[in-house]
Structures are given as C-alpha cells and as structure tokens.
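*Asks:* Would you be able to build a 3D model of this:
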Amino acid sequence: MRIDSLTYLSTSLVGIQSNQNGIARLNQQIATGLRMQSSKDDPISAVKAMELSERIAVRTQYAENQTKGELDLKYENVALREMGSVLNQVRGLLLSASSSQTVPLGSAYSAQLKGAFDQLLDLANTRNTAGEYIFGGTATNLQPFANGSTSTVPAATTFGGAPPPGPAVISATREIQIGSSQRVQVTDSLTGALSFTDAEAGAAIIDAANPAFVPATGRHDVLQNLAHAITTIAAGTATDENMQSYISIVDVAARKLNEIEQRVAGALTEIKSLRASSEAVLLLEKNALSDLTQVDKAAAIVELQSRQTSLEAISRAYALTSGLSLFNYLS
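*Replies:* Now for the predicted structure:
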C-alpha cells in the first residue's frame with residue numbers, strides 16, 4: 001500500500017502533538033502529585049473521589065469524637081475512683097469515731113472528716129482539660145455543687161448544673177456521635193449519687209442531718225450529713241443512731257458512684273471496640289482515594305522519558321521527510 005507524503009506528514013504532526021500533550025500532562029502530574037488536574041480528565045474517577053472524600057471527612061470527625069470521648073471518660077473515671085476512695089476513707093473514720101470517743105479524739109476524727117468533705121466537694125466540681133465541669137450534666141460551664149456548711153452549722157448542698165428542673169436534672173447528660181448510628185454518653189450528673197430518696201437507695205434510711213426528712217418529697221444529702229457528722233463528732237454529741245445513719249448514707253453514695261463508674265467503663269470499652277474497626281475502614285478509604293487521585297511518580301517519570309524519546313524520534317523523522325522534494329530527488 002502506497003502512502004502519499006501529505007498523509008504521512010499529517011499523521012506525524014498528530015503524533016508530535018499527542019506526545020507534546022502527554023509530556024505536558026505528565027509534567028503537571030509529577031509536579032503536583034495528582035493524577036487528575038481537573039474533573040474533566042476522568043469524570044467517573046472524579047465523582048468516586050468526591051464521594052470517598054466526603055466519607056473520609058465524616059469518618060475522620062467520628063474518629064476525633066472517639067478520641068475526645070475517650071479522654072473525657074478516662075478523666076471522669078479517675079475522678080470517680082478518687083471519690084470512691086474518699087468515701088471509703090470516710091466510712092473507716094466513722095466506724096472508728098464511735099459515740100464513746102472522748103472530745104479530743106472526736107476533734108481529731110472531725111478534722112480528718114473535714115479534709116475528706118473538702119476533697120469530696122472539690123472532686124464533685126472537677127473540670128477537664130478544657131475547663132468543663134464533668135459532673136454538671138449538660139451544663140458543663142456551670143459549677144455543679146456548692147455547700148456552705150460551717151464548723152457548727154451543716155448546710156444543704158445546692159446543685160447549679162444542668163438547668164432542667166425536677167427529676168430531669170438527675171439524668172441530664174451530654175452525648176457525642178462516635179459512629180453513623182452510635183452515640184456515647186461522656187458526662188454524668190452526680191446529683192443521684194450525692195443526694196437520693198429512700199426509693200433510690202432501695203431502703204428506708206434515717207437521716208441524721210434531717211430528722212424530719214419525708215422520703216416521698218425530700219432527698220438524703222450526702223455532703224450535708226457529712227458536715228453534720230463533723231459537727232457532732234467534734235462536740236462529742238453523736239449518738240450510735242447518728243453514726244449508723246452517716247454510714248448508711250455513705251454506703252449508698254459509694255454504691256451509686258460505683259454504678260456510674262461501671263457505666264463509664266462500659267462506654268470506654270464501646271469506644272475502643274469501635275475505634276479499631278473505624279481506623280481499619282478509614283485506612284482502606286484513604287488508600288482507595290490515593291489510588292484514584294495520586295500519581296505513581298516513578299511510573300510517570302518512566303512514561304515521560306519514553307514519550308520524550310518518542311517525540312524526539314518522530315520530530316527528527318518529520319524534519320527529514322518534510323525537507324525532501326522532487327528537485328532534491330532529481331539532483
């Protein structure tokens with residue numbers, strides 16, 4: 001088959017332009033590291049990359065929430081353990097400070113109980129690293145607990161945390177999203193542990209600080225009873241009935257704190273379990289996105305060199321062929 005000069009030259013020009021365009025594209029890919037410079041380069045891959053990017057962004061936010069939730073829960077767990085330790089110390093002191101103790105010994109026990117009282121109140125008002133109160137329910141910016149007891153006058157504890165009135169205050173908590181269909185509770189309100197009714201305690205309890213306590217309407221106040229114990233033990237006026245009342249209320253508070261601690265442990269386990277699977281899926285999606293959008297620089301450089309060699313050969317052949325004419329041939 002015979003090919004005329006015009007057809008050959010036209011074909012060569014197309015090859016030269018194709019190689020030049022390819023070289024320009026490869027130079028851009030190598031410079032930016034991106035396989036697609038715009039969505040029109042590969043519309044189908046561009047759509048897939050956008051969908052993957054959106055999923056990765058959402059999953060990354062979940063991962064950040066998991067990290068924050070885990071940190072908040074660990075912080076709370078430490079505070080709860082410290083409070084449990086303080087209540088255990090209080091119980092030991094109350095058992096030792098019987099009503100038969102002398103006033104000097106009573107004053108010594110009272111001083112230790114005052115230290116435990118202050119520590120318990122401080123722990124109930126614990127803040128996390130972000131300055132948020134961890135036991136204030138949803139109102140993390142408000143100090144949850146206050147008790148103005150003096151050395152002679154026990155006072156009731158006031159709660160300044162989550163604003164909803166009534167029983168809702170006890171259950172008001174904050175949750176965060178850690179998965180597409182999973183939320184985890186990251187704060188607790190201690191109002192149910194530091195004050196409770198007989199029904200919540202599971203038994204009828206004599207309230208030393210509030211002898212006129214009505215179980216149907218009132219609540220046993222742990223801090224107020226501890227302040228009452230400090231006063232009566234120091235004065236040597238605590239009765240055996242008083243001591244049993246103090247111990248019973250401390251025991252219920254310790255049990256309720258333990259229940260919260262178990263909830264926190266369960267939430268931590270849930271986050272750790274989800275984190276493992278989330279990280280694996282996130283890694284797969286990031287790798288898939290990289291395969292769609294990132295250029296293989298080594299392969300691109302090899303192709304660039306190949307195209308440059310091809311372009312040089314085609315250009316040289318074109319120059320030689322285009323310079324020929326019938327007069328050159330006849331001469």
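
*Asks:* When you work out contacts or count neighbours from here on, use the C-alpha atoms and nothing else.
*Replies:* Will do.

*Asks:* Where do the helices of this protein begin and end?
*Replies:* Here the chain has its helices, by DSSP state H, at 5-32, 43-96, 103-124, 168-171, 191-194, 198-201, 222-235, 240-293, 297-322, 326-330.

*Asks:* Could you chop the protein up by domain?
*Replies:* What automatic domain parsing lists as the domains of the chain is 5-53+295-330, 71-286.

*Asks:* lowest-confidence stretch among the ones you listed?
*Replies:* In terms of average pLDDT, domain 5-53+295-330 trails the rest of the domains of the chain, at a mean of 57.

*Asks:* From residue 222, how far out is residue 245?
*Replies:* Residue 245 sits 11 Å away from residue 222, taking CA to CA, to the nearest Å as the criterion.

*Asks:* For these two, indicate the residue with more neighbours.
*Replies:* Using other CA atoms under 10 Å as the criterion, residue 245 and residue 222 rank with residue 222 on top: 23 against 19.

*Asks:* Not counting its neighbours along the chain, what's nearest that one?
*Replies:* Spatially, and ignoring its direct neighbours in sequence, residue 222 is nearest to residue 194 (5.2 Å; CA to CA, 6 or more residues apart in numbering).

*Asks:* Neighbours of residue 236, how many?
*Replies:* The burial count assigned to residue 236 is 20, neighbours taken as other CA under 10 Å.

*Asks:* is it true that it touches residue 108?
*Replies:* No - Residue 236 is beyond contact range of residue 108, at 11.4 Å (criterion: CA atoms under 8 Å).

*Asks:* Got the phi and psi for residue 197?
*Replies:* In terms of degrees, to the nearest 10, the main-chain angles of residue 197 are phi -90, psi 170.

*Asks:* If you tally nearby residues, what's the number for it?
*Replies:* Applying other CA under 10 Å, we find 20 residues neighbouring residue 197.

*Asks:* do you know how far it is from residue 284?
*Replies:* Using CA to CA, we find residue 197 at a distance of 52 Å from residue 284.

*Asks:* Residue 206 now?
*Replies:* Applying CA to CA to residue 206 and residue 284 gives a distance of 61 Å.

*Asks:* for residue 233, same thing?
*Replies:* Separation of residue 233 from residue 284 (CA to CA) stands at 65 Å.

*Asks:* Name the residue in these two with the higher neighbour count.
*Replies:* Higher neighbour count among residue 233 and residue 284: residue 233, with 30 against 13, using other CA under 10 Å.

*Asks:* mind checking how far the more buried one is from residue 254?
*Replies:* 21 Å.

*Asks:* just checking, residue 128 touches residue 140?
*Replies:* No - with contacts counted by CA under 8 Å, residue 128 stays clear of residue 140, the gap being 9.7 Å.

*Asks:* who touches both of those two?
*Replies:* Here residue 128 and residue 140 share the contacting residues residue 134, scored by CA atoms under 8 Å, 6 or more residues apart in numbering.

*Asks:* The two: who's more crowded?
*Replies:* Taking other CA under 10 Å, residue 128 and residue 140 do not tie; residue 140 has more neighbours (20 against 15).

*Asks:* residues in contact with the nearest residue in space to residue 66 that is not next to it in sequence?
*Replies:* Of all residues not flanking residue 66 in the chain, residue 178 sits nearest, at 5.4 Å (CA to CA, 6+ apart). Listed by CA under 8 Å, 6+ apart, the contact set of residue 178 reads 62-63, 65-66, 184, 271.

*Asks:* any idea which of the residues you listed has the most stuff around it?
*Replies:* Neighbour counts for those peak at residue 66, which has 25 neighbours (criterion: other CA under 10 Å).

*Asks:* Which pLDDT value goes with that residue?
*Replies:* Reported pLDDT for residue 66: 94.

*Asks:* my guess is it contacts residue 275, does it?
*Replies:* Yes - counting by CA under 8 Å, residue 275 is a contact partner of residue 66 at 7.0 Å.

*Asks:* Surely residue 56 and residue 281 touch.
*Replies:* No - with contacts counted by CA under 8 Å, residue 56 stays clear of residue 281, the gap being 9.3 Å.

*Asks:* Look at these two and report which has more neighbours.
*Replies:* Between residue 56 and residue 281, counted using other CA under 10 Å, the more crowded position is residue 56 (19 against 14).

*Asks:* quick one: pLDDT of that one?
*Replies:* 87.

*Asks:* now residue 133: how far from residue 281?
*Replies:* For residue 133 relative to residue 281 (CA to CA), the value is 34 Å.

*Asks:* can you check residue 58 too?
*Replies:* Distance from residue 58 to residue 281, by CA to CA: 12 Å.

*Asks:* And for residue 183?
*Replies:* The gap separating residue 183 from residue 281 is 19 Å, by CA to CA.

*Asks:* contacting residues around residue 107?
*Replies:* Counting by CA under 8 Å, 6+ apart, residue 107 touches 233-235.

*Asks:* Before I go, just wanted to say thanks for your time.
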